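Trainee: Predicted model and sequence below, questions to follow.
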Amino acid sequence: MLAFETGIHDTIGIDLVIKGIVDGCKQSDCALLGGERCLVYTKKVPDIVSKGGEKGIAHITGGGFTDNIPRVFPEGFGASICKDSWEMPAVFKWLQEAGKIEDSEMMRTFNMGIGIVLVVTPEAANRILENGSDTDKAYRIGEVISGKGVTYC
């Protein structure tokens with residue numbers, strides 16, 4: 001499974017963002033939001049799909065990883081996601097700490113910096129990672145497993 005990074009703009013958990021800011025930000029000039037680039041996938045994903053190997057696509061919005069990724073799998077399959085496999089934007093770490101939000105709630109609510117997850121064959125994963133650029137960061141974040149839902153390592 002591969003994922004492309006994005007920012008906080010793609011998540012619907014803005015109520016928890018506000019809670020984190022209101023409850024936790026003690027600085028008068030907190031520069032936590034804004035200024036991050038917005039990666040748009042309208043050209044990238046169709047190009048990847050046209051080259052083959054794509055088995056499923058999950059847009060990580062409200063519902064985070066926990067609710068969105070399982071939707072692409074048939075019965076009996078799930079995902080194992082390694083949370084340390086990508087660079088999580090600092091704003092999510094800050095929100096979690098400032099808002100005292102549990103890991104499970106963070107993964108269920110926010111995209112954690114990942115805008116889209118592609119379930120692809122191993123060959124397609126290698127091709128995508130080899131052809132990536134610094135502006136289109138892709139990460140190998142996990143694998144398809146037998147079971148149900150998403151587990152985290």
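Mentor: Structure's in. What do you need?

Trainee: alpha carbons only for contacts and neighbour counts from here, please
Mentor: Noted.

Trainee: What ranges in this protein fall below the confidence cut-off?
Mentor: Along the chain, the parts satisfying pLDDT under 70 run over 1-42, 133-136.

Trainee: repeat that for 80
Mentor: 1-44, 132-137 (pLDDT under 80).

Trainee: show me where it has helices.
Mentor: With helices called from DSSP state H, the chain shows them at 14-24, 44-50, 64-68, 90-99, 103-109, 122-130.

Trainee: Most tightly packed of those?
Mentor: For the helices of the chain, the largest average neighbour count (mean count of other C-alpha atoms under 10 Å) is found in helix 64-68, namely a mean of 23.

Trainee: Give me the contacts around it.
Mentor: For helix 64-68, contacts defined as C-alpha atoms under 8 Å, 6 or more residues apart in numbering pick out 11, 58-61, 106-112, 149-150.

Trainee: Okay, and which of those residues map to strands?
Mentor: The strands in this structure, assigned by DSSP state E, contain 58-59, 149-150 from the contacts of helix 64-68.

Trainee: which one of the residues you listed sits closest to Ile69?
Mentor: Ala58 (5.6 Å; C-alpha to C-alpha).

Trainee: Is that closest one in contact with Leu118, as I believe?
Mentor: Yes: between Ala58 and Leu118 there is a contact at 6.5 Å, judged by C-alpha atoms under 8 Å.

Trainee: Compare the two and say which is more crowded by neighbours.
Mentor: Leu118 (25 against 20; other C-alpha atoms under 10 Å).

Trainee: does the more buried one have beta-bridge partners, and which?
Mentor: Beta-bridge pairing for Leu118 (DSSP bridges): Leu2, Ile57.

Trainee: again with Gly142
Mentor: Ile81.

Trainee: Burial check on it, number of neighbours?
Mentor: 20.

Trainee: how close does it get to Lys43?
Mentor: 24 Å (C-alpha to C-alpha, to the nearest Å).

Trainee: can you check Ile81 too?
Mentor: 26 Å.

Trainee: which one of the two has more residues nearby?
Mentor: Ile81 (20 against 8).

Trainee: which residues does the more buried one contact?
Mentor: Contacts of Ile81 by C-alpha under 8 Å, 6+ apart are 141-143, 150-153.
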